[in-house]
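Enquirer: Quick one: sequence plus predicted model below, questions after.
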Amino acid sequence: MNHDAVVADWRQNAATRDEANYDFLRSMKYRDYGFEPDELAAELHEEAFQIIDCTRCANCCKTMVISVDEEDIERIAESLDMEVEDFIQTYLEADDRRESYKVRGKPCAFLGEDGRCTIYDVRPTVCREYPHTDKEGFTFRTISVANNALNCPAVYWIVEEMKQRSGYQR
């Protein structure tokens, strides 16, 4: 499958498969499918990003809340040659859920007209680590993985591949 086919499949099917994907992901906590979830997720993560070009999609940048921590703020402000307070006033708003900041508005203020991140080399940690499918504890993040499958064609592809390899039937 190529990038365009995966994205088209995701756009057409992610919402309708959401409940089944969530059920499957939850079932990995108590059911043995013949693979170790963290290992397979990491392997599929690598495969997914050989297929998916995030810069051609950027849906996460268009639709998700981008949280920033103090280190992100200092790093990005410095790269933009701005004082931290000016950076905060210009680009951020309070994130009361996390007692920190988030990038103001959607799409992300740093998403360029060409669909590419204008601060890619210094982008926030949450962006660097997204979609977290290569991290340990995959089965402990079933809600976020299921939600991310709605936002990211790579995560959707990973979940669909896991279901297929497991023989999961709903």
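Expert: Thanks, I have it. Numbering: from 1, shown residues only.

Enquirer: Hmm, Cys54 is touching Asn151, no?
Expert: No. Using CB atoms under 8 Å, Cys54 is not in contact with Asn151; the gap is 11.8 Å. All C-beta spots, glycine's among them, are computed from the backbone N, C-alpha and C.

Enquirer: between these two, what contacts are shared?
Expert: Common neighbours of Cys54 and Asn151 are listed as Cys60 (criterion: CB atoms under 8 Å, 6 or more residues apart in numbering).

Enquirer: For the helix or strand bottoming out on mean pLDDT in the chain, buried residues please.
Expert: Across the helices and strands of the chain, mean confidence by mean pLDDT, DSSP states H and E is lowest for helix 54-57: a mean of 87. Neighbour-count burial for helix 54-57 flags Cys54, Cys57 (criterion: 16 or more other CB atoms under 10 Å).

Enquirer: What mean pLDDT does the helix or strand following that helix get?
Expert: Downstream of helix 54-57, the first helix or strand assigned by DSSP states H and E is helix 59-63. On average, the pLDDT along helix 59-63 is 94.

Enquirer: List of residues touching helix 59-63?
Expert: 54, 106-108, 110-111, 117, 127, 130-131, 151-153.

Enquirer: If anything else comes up later, I'll come back, but that's it for now.
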